[in-house]
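Asks: Sequence and computational prediction follow.
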Amino acid sequence: TSSVSSCSSQPATTLASRSESPHDGICATKPKESDFNKRIVIEERERKRVQDMLAAINEAEKTIVFCANQAHAGLVRDLINQEASSKSVDYCVRVTANDGALGDTYLKQFQDNDKSIPTILTTSQKLTTGVDARNVRNIVLLRPVNSMIEFKQIIGRGTRLFEGKHFFTIVDFVNAYHLFNDAEWDGEPVEPEGGDTGKKGGKGEEGNSGGKGGDEGEDTHNKPKLRIKLSDGKVRELQSMSSTYFYVDGKPISAEEFLKRLFDTLKLPELLESEEKLRSLWANPMTRRELLKKLENAGCHKDDLEKLQELINAKDSDLFDVLEYIAYAKAPVTRAARVETNKGNIYNLLNAKQREFVEYVLRNYVNIGVDELDVGKLSTVLTAKYGSIHAAQQELGSVQDIQRTFVEFQQQLYAEVDVA
């Protein structure tokens, strides 16, 4: 299934442009979309589109951006890295024909579903075909699509199946979505059985009986939350989202069924042993990784926890809070509140340079999530902050000293938080 978001950033009436026209850069006629980033380059126009794109997607999800040409792909890459929350130097990279071996390396890293960096690729033609990147969640169109074959190839970048992936999003700045209505897209349209258009209480575009029109969607604010009483006698609440499914042995089950399975079949509280044990394991990046692997082997994947994180309205919290809520009915704490409450103890034993480094890591943690605390991210974090590992060592000491600081401050971060 694809979710289509049609966005546009219209150029200003007066164009500060670079033009290949012989008339001193002045266009005698209104420029067409195909003129931009070929004959006319307006950096602020592209920056606004990048800002709109980042607002429309989850910045942690893998994304391919199709650009007008290789120069445009380079410009968009730079703008994304400037505007994105992530400050990793390789958060967004360009992969085009001229990028050679480096581009191929970036592409292999992007295709590795265990790696979160690079997260976004910009390209022009190279990635329209033959790219097996299964976990691509967003396709962004910043250039016109010239044919139905090319359109199908581009959209195909998002249709690869991956565990936990139930849809992908198309962010369309060039009105290419009209091609979905072309008879060549999927044959002639077929009328729904019985002629039901989803109106007057049907279950089509307009949702439930008496609901709002399709443009506004369902009013989720007024819908009651799903209250689930588990075998410990306590109630857990989920957002009422019937379209969210979990997969067990290849079969889709509802969020309620999955939650009960975690509690009663996988016996999550016993698997975690105790709240104190969970806190202790999670506070160390080494044992945290082992715990996530143990949960995955038991049938609770990280993708599942991230979906539950959204369903319990805890996107600004930690996966630790998701586990605590499911297993022990403890209310989630936001990442920002956790840092604010524990920052005194975190910074207490650090010198000025260590504190600056840890503050940088914690900002990324608050903005992006718990993956920023994984030891596998450490070299990326150091390079983004200091420019190189060598420069980081000059500021913070040996590799062992840096690793010790990175691991030990997390013990204080996950001390119990009382936000009452």
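Replies: That came in fine, so what should we check first? Numbering: from 1, shown residues only.
Asks: use CA for all of it now, contacts and neighbours both
Replies: Will do.
Asks: ok, how many other residues are close to residue 65?
Replies: 23 (other CA atoms under 10 Å).
Asks: does it count as helix, strand or coil?
Replies: strand (DSSP: H, G, I helix; E, B strand; the rest coil).
Asks: any idea how far residue 143 is from it?
Replies: Distance, residue 65 to residue 143, using CA to CA, to the nearest Å: 9 Å.
Asks: likewise residue 409?
Replies: Taken as CA to CA, the span from residue 409 to residue 143 is 46 Å.
Asks: Kindly report the same for residue 277.
Replies: Taking CA to CA, one finds residue 277 at 52 Å from residue 143.
Asks: higher neighbour count, those two?
Replies: Neighbour tally, residue 277 and residue 143, criterion other CA under 10 Å: the higher count belongs to residue 143, 23 against 11.
Asks: Next up, phi/psi of that one, please.
Replies: Dihedral angles of residue 143 (phi, psi; degrees, to the nearest 10) stand at phi -140, psi 150.
Asks: Would you confirm that it contacts residue 67?
Replies: Yes: taking CA atoms under 8 Å as the definition, residue 143 is a contact partner of residue 67 at 5.3 Å.
Asks: quick one: the strands in this protein?
Replies: Listed in chain order, the strands of the chain (DSSP state E) span 2-6, 62-66, 92-94, 120-123, 136-141, 168-172, 226-229, 235-238, 245-248, 251-254.
Asks: which helices and strands does the longest one pack with?
Replies: Okay, so that is strand 136-141. strand 62-66, strand 168-172 (3 or more CA pairs under 8 Å, 6 or more residues apart in numbering; DSSP states H and E).
Asks: could I get those as TSV with distance to residue 41?
Replies: Output for the helices and strands packed on strand 136-141, formatted as TSV (distance: least, CA to CA, whole Å):
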stretch	distance to residue 41
strand 62-66	16
strand 168-172	19
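Asks: which of those strands has the lowest average pLDDT?
Replies: Mean pLDDT values for the helices and strands packed on strand 136-141 show the minimum at strand 168-172, a mean of 79.
Asks: So in that sheet, which strands flank that one, and in what orientation?
Replies: strand 2-6 (parallel), strand 136-141 (parallel) (DSSP bridges).
Asks: Pull it out as CSV, backbone CA atoms only.
Replies: Output of strand 168-172 as CSV, limited to C-alpha atoms (Å, rounded to 0.1, in the frame of the first residue of the first chain):
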residue,chain,number,x,y,z
PHE,A,168,5.4,3.2,2.4
THR,A,169,5.0,6.9,1.7
ILE,A,170,5.4,8.9,-1.5
VAL,A,171,6.2,12.6,-1.0
ASP,A,172,5.4,14.1,-4.4
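Asks: tell me the angle of that strand relative to strand 62-66?
Replies: Computed by axes from the mean of the first three to the mean of the last three CA atoms, to 10 degrees, the angle separating strand 168-172 from strand 62-66 equals 30 degrees.
Asks: Name the nearest residue to residue 80, ignoring sequence neighbours.
Replies: With sequence-adjacent residues excluded and distances taken as CA to CA, 6 or more residues apart in numbering, residue 80 is closest to residue 50, at 6.2 Å.
Asks: do you know how far the one you found is from residue 168?
Replies: From residue 50 to residue 168 the distance is 18 Å (CA to CA).
Asks: what's the burial count for the residue nearest to residue 139 when sequence neighbours are not counted?
Replies: Once flanking residues are discounted, residue 139 sits nearest to residue 170: 4.8 Å by CA to CA, 6+ apart. Residues near residue 170, counting by other CA under 10 Å, number 22.
Asks: coming back round to it: counting neighbours, what do you get for the residue nearest to residue 80?
Replies: Per other CA under 10 Å, the neighbour tally for residue 50 reads 23.
Asks: OK, contacts around it?
Replies: Taking CA atoms under 8 Å, 6 or more residues apart in numbering, we find residue 50 in contact with 76, 79-80, 83.
Asks: Same check on residue 395?
Replies: residue 353.
Asks: Check it and give its pLDDT.
Replies: For residue 395, the pLDDT comes out at 93.
Asks: Please report how far it lies from residue 174.
Replies: Distance from residue 395 to residue 174, by CA to CA: 47 Å.
Asks: before we move on, what about residue 89?
Replies: Distance from residue 89 to residue 174, counting by CA to CA: 28 Å.
Asks: before we move on, what about residue 368?
Replies: 29 Å.
Asks: Then residue 61?
Replies: Residue 61 is 22 Å from residue 174, by CA to CA.
Asks: So for these two, which sits in the more crowded spot?
Replies: Each of residue 61 and residue 174 has its neighbours counted (other CA under 10 Å); residue 174 has more, 19 against 13.
Asks: Quick check: phi and psi on the more buried one?
Replies: Taking degrees, to the nearest 10 as the convention, residue 174 sits at phi -130, psi 20.
Asks: Run a quick neighbour tally on residue 382.
Replies: If you count neighbours by other CA under 10 Å, residue 382 ends up with 21.
Asks: Hmm, it is touching residue 390, no?
Replies: No: using CA under 8 Å, residue 382 makes no contact with residue 390, being 9.3 Å away.
Asks: Residue 76 contacts residue 48, correct?
Replies: No: taking contacts as CA under 8 Å, residue 76 lies outside contact range of residue 48: 10.7 Å.
Asks: Which one of those two is surrounded by more residues?
Replies: Using other CA under 10 Å, the more surrounded residue of residue 76 and residue 48 is residue 76, with 27 against 16.
Asks: how much space between that one and residue 145?
Replies: 18 Å.
Asks: And for residue 274?
Replies: In this structure, residue 274 and residue 145 are 55 Å apart, going by CA to CA.
Asks: Check residue 77 too.
Replies: Residue 77 is 20 Å from residue 145, where distance means CA to CA.
Asks: before we move on, what about residue 341?
Replies: In terms of CA to CA, residue 341 sits 51 Å off from residue 145.
Asks: Tell me which of these two has more neighbours.
Replies: A direct count of neighbours by other CA under 10 Å for residue 341 and residue 145 places residue 145 higher, at 20 against 16.
Asks: got a pLDDT number for that one?
Replies: On the pLDDT scale, residue 145 gets 77.
Asks: Give me the residue ranges of the stretch 151-300 of the chain where confidence is low.
Replies: Counting by pLDDT under 70, the stretch 151-300 of the chain shows low-confidence ranges at 156-167, 176-245, 250.
Asks: Run a quick neighbour tally on residue 373.
Replies: Count around residue 373 with other CA under 10 Å applied: 21.
Asks: Same question for residue 100.
Replies: 10.
Asks: Then residue 99?
Replies: Neighbours around residue 99, by other CA under 10 Å: 13.
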